[in-house]
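J.: Just to be clear, the model below is a prediction. Sequence and coordinates:
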Amino acid sequence: MNKLGTVIGFTFRNKVRTKAFLITTIVLAIIMSIAINIPYFIQLFTGEDLKSGSTKIGLVYAEQANVAEQLDSYWKAQNNDEFTFVKYDTSDAASLKKDIEAGTIDGYLQFSDDQKTLFPSVVYSSDEDDGLNAVAQAELSGALQAVKMQVIVQDSLTPEQIAELKTPVQFNAQNINADASAPKANEKDESNRMMEFGVVYLLIILFFFTSMTTGNMIAAEVTTEKSSRIMEILITSVSPLTQMFGKIIGMFLVGLTQIAVFVLVILGNLFMPQNKEVLADFNIDLSQVSIDVLVYGFTFYVLGYFLYAVLFAAVGSIVSRTEDLGQAIMPITMLSLAAFYVGSFSMGAPNTMLMKVASFIPFLSPTTMIVRIGIGEIAVWEIWVSILILVISILFFGWLSAKIYRTGVLMYGKRPTIKELRKAMKAYKI
Amino acid sequence: MESLKLEKVIKQFGDKTAVNELSLEVGVGEIYGLLGANGAGKTTTMRMVLGLIYPDGGSIRYNGKPHSDELRQIVGYLPEERGLYPKVKVSEQLSYLAQLRGMSRKDADKSIRYWLERFEVPEYYEKRIEELSKGNQQKIGFIAAVVHKPQILILDEAFSGLDPVNVELLKATVKELRDQGTSILFSTHRMEHVEELCRNITIMHRSNPIVQGSLKEIKSRYPREQVALGTTSEVTGLENIPCVTKVTIQEQGGYLINISDVSAAQQILQIAMQQSVVEKFELKEPTLNQIFIKEVGESHE
């Protein structure tokens, strides 16, 4: 036990202090911070006008005085200060242009005088390349839509009917399969669902990347120890099992540290004042994240990690040179890719047969189970059976890997075949 | 009691026998020499002693007890192809290895400082292995093997690749450890080291122990077949003495005469005394080198 701690400590300290680790962590943290702040930056650059006051739009009454009048009154009723209208009776382009240059208005809105159509087309002219900003444009076309409806229906409908027409259809999905054991699968409102979708996706990506990177590190580390021949001293000092699991746990802590740093960076950024509004805009409330998903997610993450890690250690032990490592870990890489894609592609349809089967297969269950728990419907017993299968496979593959490890670290030269490995195991009496 | 005792140890890899019925005993405070050509089974024997692989037959006892996990703390090992973490500081990896052998961090640090001082390289404490020369890496490897004060020390080719000054330094250290009561199993190709250090030896050849026993006794088993002669002037007619097989004139003056029977030595001395003044006359005992080549070389043909 004491020695296990020593191995864990040594592995952890040495990995965390390498330049490669420090640099990747810092670079990724910076990229994350930038990514989170992008909406704010965009606002900073494009939203300068907003700060100096709302956009002033000249409204030309000349051609369609009626429409312009309705638009103006409609907009005033909205009480929105995204932009304000300035009345112009003239449609003289030269004088309007002069006003734009003078800064009295940012642009002007002009209706065509085509009498044949029921509603004229609208042109916005300004001296900027991109015209109105996206928000103002959306608001403006919404307002125009409302005015258009008023113009067309005239007085044939009551204001209540018009109001009813404007409200979108209420479409609610309801799950009639009220499973008592999975109450959270029901009554999820839209934003909650979005949230869970995001969390599940994040968990899958996290699982895939960390198990791959730390797994590769484990394999590389074992091969390096073997090729630098320090392995011979190590296995005479500490049992291979202790050594293998010490390394795996040490690397796990390294991965966990990295994740913790990233989570802190993300949270720190999200809670900065300028980003709080963005969160609110997207209707994201972190307290909505279901604790169940996180707890199960973490459980499957840890178990899945160990399952892959023991295999990586075993593969690392049979390879003598780091150059051969990439080829040797290919099958495991494929397996984890499969787990990642089955999980992420099935997020839209988490209750298919494929997912049900996959969530009980040890190497696929860490990702697929999370999808089913987070998005799909699942009974609690299914989760526990899957966890049990995972634990049993960890024990089995751990035992097998320890045997391979014990044999592999003493075999030098070319990569042994399975037959040679078995022969060696017999010869070494392992 | 012997710290290390091997009895009829057999190891087979598939249908190939790697070690065949090897028995040996290493006493407390003894250096035991294990000799043999490449592939003779030395490394396999050492690995069995270390408990890395298990023998197919026979037994290995440590202080009278079979192999167990506690043994890891009293055994030290310097592998032939020594390795250390290239990018880790000397003090850290030595401390790590010592702690794996059951030392506390504090004791380990004390021991490391002592040994670095002993090898006159205290400034390496903060250095990385990759910054050191090969010979100095070797010293660190040696420290790794002895840092935890092992009772049983296994040295595979301990002195290869070192300059003469460092060989002497390491040799002195090995002797010191022996005098402190460490049992040392020592393998090498360099016979002069064995003659200087070992009391008992085993020469292995193709998995079999072919010569075993104390160095003195082994040497007495082999006839004295060489005479070194130094005279002030030339001596002729040495070739004509019966039983003289070969006469070599040495660079720095004098003769080296191979004989097939010890009685010829007296005749050589007489002839030399008749013709010249004898400055040096020695009936040489066979060197281990010669014994080794004789045993291993002959059966090769």
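T.: Everything's here; your move. Residues are numbered from 1 along each chain as shown, chains lettered A, B, ... in the order given.
J.: Average pLDDT for stretch B:71-85, rounded please.
T.: Here the mean pLDDT over stretch B:71-85 is 83, rounded to a whole number.
J.: how far does that stretch stretch from start to finish?
T.: Between the opening and closing residues of stretch B:71-85 we find a distance of 24 Å, counting by Cα to Cα, to the nearest Å.
J.: buried sites along it?
T.: By neighbour count with 16 or more other Cβ atoms under 10 Å in any protein chain shown, stretch B:71-85 contains the buried residues B:71-80, B:82-85. Any C-beta I mention is one placed from the backbone N, CA and C, and that applies to glycine too.
J.: which other residues reach the lengthiest helix in chain B?
T.: Longest helix of chain B, by residue count under DSSP state H: helix B:164-179. Judged by Cβ atoms under 8 Å, 6 or more residues apart in numbering or on different chains, the contacts made with helix B:164-179 from elsewhere in the structure are B:29-31, B:118-120, B:135, B:138-139, B:142, B:146, B:153, B:155, B:158-159, B:162, B:184, B:186, B:193, B:196-197.
J.: how many neighbours does residue 116 have?
T.: No chain specified, so I'll use chain A. 5 (other Cβ atoms under 10 Å in any protein chain shown).
J.: hm, I was asking about chain B
T.: Counted with other Cβ under 10 Å, residues neighbouring residue B:116 total 20.
J.: circling back to that earlier point, and of the buried residues of stretch B:71-85, the nearest to chain A?
T.: Comparing the buried residues of stretch B:71-85 against chain A with Cβ to the nearest Cβ picks out residue B:83 as the nearest, at 3.0 Å.
J.: Can you find the residue of chain A that comes nearest to chain B?
T.: For chain A, Cβ to the nearest Cβ, closest residue to chain B: residue A:229, 3.0 Å.
J.: OK, contacts around the nearest residue to that residue once chain neighbours are set aside?
T.: What sits nearest to residue A:229 in space, not counting adjacent residues and going by Cβ to Cβ, 6 or more residues apart in numbering or on different chains, is residue B:83, at 3.0 Å. Each residue near residue B:83 by Cβ under 8 Å, 6+ apart is listed here: A:225, A:228, A:229, A:230, A:231, A:232, A:233, B:141.
J.: Tell me, how many residues neighbour the nearest residue to residue A:411 once chain neighbours are set aside?
T.: In this structure, residue A:411 finds its nearest non-sequential neighbour in residue A:424, 5.9 Å apart by Cβ to Cβ, 6+ apart. Applying other Cβ under 10 Å, we find 21 residues neighbouring residue A:424.
J.: How about residue A:224?
T.: Going by other Cβ under 10 Å, the residues that sit close to residue A:224 add up to 19.
J.: does it sit in a helix or strand, and which one?
T.: helix A:190-227 (DSSP states H and E).
J.: other SSEs contacting that helix?
T.: Taking 3 or more Cβ pairs under 8 Å, 6 or more residues apart in numbering or on different chains; DSSP states H and E as contact, the helices and strands that helix A:190-227 lies on are helix A:2-16, helix A:240-270, helix A:291-318, helix A:325-328, helix A:330-345, helix A:365-374.
J.: Can you list which of the contacts of helix B:164-179 are found in strands?
T.: Cross-referencing the contacts of helix B:164-179 with the strands (criterion: DSSP state E) gives B:31, B:153, B:155, B:184, B:186 as the overlap.
J.: picking that back up, quick one: the residue nearest to residue A:229 is in a strand?
T.: No - if the criterion is DSSP: H, G, I helix; E, B strand; the rest coil, then residue B:83 is coil and not within a strand.
J.: could I have stretch A:238-250 exported to PDB, CA atoms only?
T.: C-alpha atoms of stretch A:238-250 as PDB (Å, rounded to 0.1, in the frame of the first residue of the first chain):
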ATOM      1  CA  VAL A 238       8.000  -3.500  -6.400                       C
ATOM      2  CA  SER A 239       5.500  -6.000  -7.600                       C
ATOM      3  CA  PRO A 240       4.300  -5.500 -11.200                       C
ATOM      4  CA  LEU A 241       0.700  -5.200 -10.100                       C
ATOM      5  CA  THR A 242       1.500  -2.400  -7.600                       C
ATOM      6  CA  GLN A 243       3.600  -0.700 -10.200                       C
ATOM      7  CA  MET A 244       1.000  -1.000 -12.900                       C
ATOM      8  CA  PHE A 245      -1.900   0.300 -10.800                       C
ATOM      9  CA  GLY A 246       0.300   2.900  -9.200                       C
ATOM     10  CA  LYS A 247       1.000   4.300 -12.700                       C
ATOM     11  CA  ILE A 248      -2.600   4.100 -13.800                       C
ATOM     12  CA  ILE A 249      -3.900   5.800 -10.700                       C
ATOM     13  CA  GLY A 250      -1.100   8.400 -10.900                       C
END
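J.: now what about it, what contacts it?
T.: Everything outside stretch A:238-250 that qualifies as a contact, by Cβ under 8 Å, 6+ apart, is A:3-12, A:15, A:218, A:221-222, A:234-235, A:306, A:309-310, A:313, A:398, A:401-402, A:405-406, A:409, B:69, B:72, B:100.
J.: Got a PyMOL select line for the buried ones in the residues you listed?
T.: Selection of buried members from the contacts of stretch A:238-250 for PyMOL, criterion 16+ other Cβ under 10 Å:
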select buried, (chain A and resi 3+4+6+7+8+9+10+11+12+15+218+221+222+234+235+306+309+310+313+398+401+402+405+406+409) or (chain B and resi 72+100)
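J.: What residues of stretch B:218-229 count as buried?
T.: Across stretch B:218-229, burial judged by 16+ other Cβ under 10 Å covers B:218, B:219, B:222, B:224, B:225, B:226, B:227, B:229.
J.: mind checking the end-to-end distance for it?
T.: The first residue of stretch B:218-229 is 25 Å away from its last residue (Cα to Cα).
J.: Can you list the residue ranges for strands in the stretch 201-301 of chain B?
T.: B:208-214, B:226-231, B:244-249, B:255-259, B:278-284 (DSSP state E, counting those that start in this stretch).
J.: Export the ones you listed as a markdown table, with columns for distance to chain A.
T.: As requested, those are exported to a markdown table (distance: least, Cβ to the nearest Cβ, whole Å):
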| stretch | distance to chain A |
| --- | --- |
| strand B:208-214 | 19 |
| strand B:226-231 | 41 |
| strand B:244-249 | 43 |
| strand B:255-259 | 42 |
| strand B:278-284 | 40 |
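J.: Is it possible to get JSON lines of those that adds mean pLDDT?
T.: Listed next are the strands of the stretch 201-301 of chain B as JSON lines, based on pLDDT from 0 to 100:
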{"stretch": "strand B:208-214", "mean pLDDT": "85"}
{"stretch": "strand B:226-231", "mean pLDDT": "82"}
{"stretch": "strand B:244-249", "mean pLDDT": "80"}
{"stretch": "strand B:255-259", "mean pLDDT": "82"}
{"stretch": "strand B:278-284", "mean pLDDT": "82"}
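J.: Nearest to residue A:337, out of those?
T.: With distances scored as Cβ to Cβ, the stretch of the strands of the stretch 201-301 of chain B nearest to residue A:337 is strand B:208-214 (53.1 Å).
J.: what's in contact with the closest one?
T.: By Cβ under 8 Å, 6+ apart, the residues outside strand B:208-214 that reach it are B:20-24, B:199-204, B:218, B:291, B:295-296, B:299.
J.: Swap in 10 Å and give it another go.
T.: Where contact means Cβ atoms under 10 Å, 6 or more residues apart in numbering or on different chains, the residues beyond strand B:208-214 that reach it are B:6, B:9, B:17, B:19-24, B:34-36, B:40-41, B:45, B:198-205, B:218-222, B:288, B:291-292, B:294-296, B:299.
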